[in-house]
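How does the following fold in three dimensions:
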Amino acid sequence: MANGCTGLLPEPLACCPQSAYGQTTSPDVDVNATCANGYEPGSFWIRTDTTPYEVWIMNACPQDWVCISGCDTELYHFQTQIDTTLASATYPNGQTTIVWNFTETYNYPSPGASYDPAGEWYEIPVDGIYQFAVSLVLDLRGLTIAATSDFVIECLVGGSTVMARLAGLSVFNETSNEFLQIGSSQTAEFSAGDRVSFVLLQDSGVTVNGVSDSTSPVFVAPQAGMMTIDQLA
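Residues are numbered from 1 along each chain as shown. Here you go, the predicted structure:
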């Protein structure tokens with residue numbers, strides 16, 4: 001057995017086996033988890049009340065544990081898409097909230113975070129750093145738009161606080177335009193309870209349409225657009 005904590009030479013006293021398999025109480029809060037009471041650097045702890053199991057290893061003394069496997073299962077992941085079975089969305093000149101499919105594609109870990117039944121917002125479940133990626137297809141065919149029209153997607157909290165502006169596109173032709181595909185990702189820090197939504201900002205001077213399975217050519221999910229949110233930390 002290797003030497004352990006300072007002051008406990010040549011090795012920790014009353015050391016337990018270096019496997020704590022099956023204990024569900026974290027060594028960070030377990031009174032028996034101190035070096036003198038059984039753990040030393042190199043000891044590992046397997047938590048069996050999670051799926052998959054979490055594996056922790058003590059890398060310094062006292063009470064310095066690092067998760068080496070399974071802990072990312074508690075991070076939140078969400079995705080939804082444009083519902084192409086509905087009529088194409090319309091986006092008037094100015095700012096319009098993007099409406100997504102009322103049913104999420106996935107929402108992990110179960111039972112998932114709160115999601116607006118009307119498809120407009122996702123509620124941040126816990127404080128953390130989140131990455132979000134958004135794509136959207138617009139149909140500019142047959143429209144006469146302003147010269148140098150800009151199309152940008154922004155991330156809002158509470159419908160008003162700007163958290164990030166995603167990369168947008170500028171269109172310089174007033175006529176003879178086709179489909180415009182906007183897509184980008186950003187990272188921001190959010191607080192639990194923040195309701196995150198995405199809006200399209202455009203100054204073409206006219207209302208532009210999204211796409212659907214009734215568009216010619218046909219667009220089906222996820223081709224018309226999607227929104228993905230992944231917790232990083």
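
Now do the end-to-end distance for stretch 97-109.
One end of stretch 97-109 to the other measures 27 Å (Cα to Cα, to the nearest Å).

Next, the buried residues of it.
Across stretch 97-109, burial judged by 16 or more other Cβ atoms under 10 Å covers 97-101, 104, 107-108. Any C-beta I mention is one placed from the backbone N, CA and C, and that applies to glycine too.

what sits up against it?
73-74, 76-83, 89, 112-113, 115, 117-120, 134, 136, 153, 159, 197-200, 221-222, 225-227 (Cβ atoms under 8 Å, 6 or more residues apart in numbering).

One more: stretch 175-188?
With Cβ under 8 Å, 6+ apart, stretch 175-188 has contacts from 129-141, 143-145, 151-153, 155, 163-169, 171, 200, 211, 232.

Extract the CA atoms of that stretch and return them as PDB.
The C-alpha trace of stretch 175-188 is given here as PDB (Å, rounded to 0.1, in the frame of the first residue of the first chain):
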ATOM      1  CA  THR A 175     -34.900  40.000 -56.300                       C
ATOM      2  CA  SER A 176     -34.100  36.500 -57.700                       C
ATOM      3  CA  ASN A 177     -33.200  35.100 -54.400                       C
ATOM      4  CA  GLU A 178     -33.700  31.500 -53.300                       C
ATOM      5  CA  PHE A 179     -33.500  29.600 -50.000                       C
ATOM      6  CA  LEU A 180     -31.500  31.200 -47.200                       C
ATOM      7  CA  GLN A 181     -30.000  28.900 -44.600                       C
ATOM      8  CA  ILE A 182     -28.900  30.400 -41.300                       C
ATOM      9  CA  GLY A 183     -27.000  28.300 -38.700                       C
ATOM     10  CA  SER A 184     -24.500  28.900 -35.900                       C
ATOM     11  CA  SER A 185     -23.600  28.000 -32.300                       C
ATOM     12  CA  GLN A 186     -22.600  29.900 -29.200                       C
ATOM     13  CA  THR A 187     -21.800  29.300 -25.600                       C
ATOM     14  CA  ALA A 188     -23.200  31.200 -22.600                       C
END
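
picking that back up, filter the contacts of stretch 97-109 to the buried ones?
Among those, those buried by neighbour count (16+ other Cβ under 10 Å) are 76-83, 89, 113, 115, 119-120, 134, 136, 153, 197-200, 221-222, 225-227.
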